[in-house]
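> 3D model of this:
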Amino acid sequence: MTVVRSTLPEEALGVTGTALQETLVDLLGLSLIGKQAHWNVVGPRFRSIHLQLDEVVAAARDHSDTVAERAAALGVPPDGRPETIAATLALPGAKDGWLRDTEAVELMVSALETAIGRLRERIEATEKADPVTQDLLISVTADLEKQRWMFEAENHPR
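Numbering: from 1, shown residues only. Next comes the predicted model:
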């Protein structure tokens, strides 16, 4: 069943739809990783990291909504079901139990770096297929790079 017809040619739609779906999974996964760390972080920098984790979670959730709506606007049904996230997430996850503040920061730097690397591949893939989606992915990447920088600065030796 096709509810929304795409304005993109079929080949471009395939590239773009894949890029948007993979980005949606990464963003939803990033929000879950961030929340898991948020609930379990401990240590002397608990409060600042706890609050910063909420910032990255909010950003990931906001971006995931924008990405999903872009997919829907192109006629690609977004799939954010838990089983889809569990089966396809490629970001590093949190260990079970409490996370030292330094571990939480390292986890977020790693997860953000992985998501950014994957986004950069999709930016390249969508350059010709759909510059509008490419622009969206560029803005998501810029925001995630800012979040990564903030976490990385937390572990800088003083």
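> Which parts of this protein are helices?
10-40, 46-73, 82-88, 101-129, 131-154 (DSSP state H).
> Give me the distance from the third one to the chain's centre.
Going back to what we said before, that points to helix 82-88. With Cα atoms, centre = their mean, to the nearest Å as the basis, helix 82-88 stands 14 Å off its chain's centre.
> Tell me which residues of that helix come out buried.
Residues of helix 82-88 classed as buried: residue 85 (neighbour count, 16 or more other Cβ atoms under 10 Å). C-beta here means a position set from N, CA and C on the backbone, and glycine is covered the same way.
> Show me what that helix is packed against.
helix 10-40 (3 or more Cβ pairs under 8 Å, 6 or more residues apart in numbering; DSSP states H and E).
> quick one: buried residues of the helix it packs on?
Using 16+ other Cβ under 10 Å as the test for burial, helix 10-40 gives 12-13, 15-17, 19-38, 40.
> Equivalent analysis for stretch 119-127, please.
In terms of neighbour count (16+ other Cβ under 10 Å), stretch 119-127 has its buried residues at 119, 122-123, 125-126.
> Check stretch 101-116 too.
For stretch 101-116, burial by neighbour count (16+ other Cβ under 10 Å) applies to 101, 103-116.
> Relative to residue 148, which of the residues you listed is nearest.
Each of the buried residues of stretch 101-116 was checked against residue 148 using Cβ to Cβ; the closest is residue 112, at 3.8 Å.
> So for the closest residue to the closest one other than its chain neighbours, what's the pLDDT?
With Cβ to Cβ, 6 or more residues apart in numbering as the criterion, residue 112 has its nearest non-adjacent residue at 3.8 Å, and that residue is residue 148. Residue 148 carries a pLDDT value of 97.
> could we number from 28 for the rest of this?
Okay, using 28 as the starting number, the last item reads as residue 175.
> Quickly note the distance from residue 175 to residue 106.
Counting by Cβ to Cβ, to the nearest Å, the gap from residue 175 to residue 106 is 26 Å.
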